[in-house]
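[1] Structure for this input, please:
(one chain, ligands or ions: 1)
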Amino acid sequence: MPNRLRRFNVKWKGYYKWSVKDYRWLLMFLISRFNFIKKLSVYVSEKPNKKQESLEKSSCLDSIEIDKIVDFLKKDGLYSGINLPTNLVEEIHKYVDIANCYGNRKPEFSFLHKEKELAEEKYKKTFIVGDYPNVSQHCPAVRQLQRDPKLLDIATKYLNAKPVHLSTKLWWSYATEVPLDNRLNFAQVFFHYDLIDYRSVQFFFYLTDVDLSSGPHVCVLGSHQNKKFTHQFSFFTGRSDRDIIDYYGNDNLKFVCGKTGLGFVEDPYCFHKGIPPSQNNRLLLKIVFGINNYRTSDSKTM
Ligand SMILES: [Fe+2]
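    The predicted structure is shown next:
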């Protein structure tokens, strides 16, 4: 089965559920795949305040240049190099040490990360992911980052609109040898772009060291601006590696590797994917902003 169909097979129930919950989501899903619609949406979205208000007074991100990051986002759709302070990383790891995650995102498979092997024996399951539900409610360090004024400034300037916080997720991706089809239910292992909103931006933070064997994120640079017409004019947002390399070129594939604390920001309209970890587990935090609030509480992971 082609990758785009395999991905759709996993996703269609969610698409149906979110369409029923909010017709505006369905409209967005159908038309936001066209670049000209994204550009037109600038004229109908709520404009940002001159000074974007933030719940946090000061930023924990000292040495980042907001305008430079926004320029990279406009050109490449990706900027890597927003480093988290050590104390914030430590705070998140303290939370991870004591909080239960949900194996394969199911509340009935709840366990401490350090007891994962015991949990797999107990539940007789192989866990592909371990997800921390509602993490920003439970972990003050994550909540602080989600409200960070510099992150909000980047989102405001890139979206050219008042940013709407859509989701914050923290999860382990485990190095396992399960077939790719099983992993598809929990991870985005094929190239795709996300239709989260007419315009959106997502911040990622590695909370473990990530190399080529630990599930790096891969982004196709420039593919948010330079999207092939048939890649827009299709119901399917997933594509094969061959399709991607043939059109966008190998040189534009950016594998994001780095040490614990590395942050990067991406326009999810870029083609991207996550390589399945083969040697080491990966802990990743993702914070997503868009421009509209849809009545689809779990549509934001698409
Ligand atoms: Fe994605």
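[2] and stretch 179-192, is it in reach of the ion?
    Yes: Stretch 179-192 is in contact with the ion by C-beta under 5 Å from the ion, via Q188. (C-beta placed from N, C-alpha, C; glycine too.)
[3] ok, and what's touching that stretch?
    3-4, 6-7, 10, 104-105, 128-129, 173, 176, 218, 220, 237-241, 243-244, 271-276 (C-beta atoms under 8 Å, 6 or more residues apart in numbering).
[4] number of nearby residues for P85?
    13 (other C-beta atoms under 10 Å).
[5] Now do the same contact list for it.
    Taking C-beta under 8 Å, 6+ apart, one finds C60, L61, D62, G261 in contact with P85.
[6] Can you tell me which of the contacts of stretch 179-192 are buried?
    Listed as buried from those are 3-4, 6-7, 104-105, 128-129, 173, 176, 218, 220, 237-239, 243-244, 271-276; burial here means 16 or more other C-beta atoms under 10 Å.
[7] By mean pLDDT, which helix or strand of the chain comes out lowest?
    Across the helices and strands of the chain, mean confidence by mean pLDDT, DSSP states H and E is lowest for helix 180-183: a mean of 74.
[8] List the buried residues for that helix?
    The neighbour-count check on helix 180-183 (16+ other C-beta under 10 Å) flags R183 as buried.
[9] what residues does the stretch 51-200 of the chain put near the ion?
    Residues of the stretch 51-200 of the chain found near the ion (C-beta under 5 Å from the ion) are Q188, D194.
[10] Spatially nearest residue to S45 (excluding sequence neighbours)?
    In space, and not counting its chain neighbours, S45 is closest to A161: 4.1 Å by C-beta to C-beta, 6 or more residues apart in numbering.
[11] just checking, that neighbour touches I291?
    Yes: using C-beta atoms under 8 Å, A161 is in contact with I291, at 4.5 Å.
[12] who touches both of these two?
    S45, E46, R199.
[13] Give me the buried subset of the residues you listed.
    Buried among the shared contacts of A161 and I291 (16+ other C-beta under 10 Å): S45, R199.
[14] what ranges do the helices span in the stretch 151-300 of the chain?
    Ranges of helices in the stretch 151-300 of the chain, per DSSP state H, counting those that start in this stretch, are 180-183, 229-232, 241-248.
[15] Output those as a markdown table; include the columns distance to S167.
    Below are the helices of the stretch 151-300 of the chain laid out as a markdown table (distance: least, C-beta to C-beta, whole Å):
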| stretch | distance to S167 |
| --- | --- |
| helix 180-183 | 21 |
| helix 229-232 | 24 |
| helix 241-248 | 26 |
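[16] For I69, which of these is the nearest?
    Proximity to I69, assessed across these by C-beta to C-beta, is greatest for helix 241-248 (22.1 Å).
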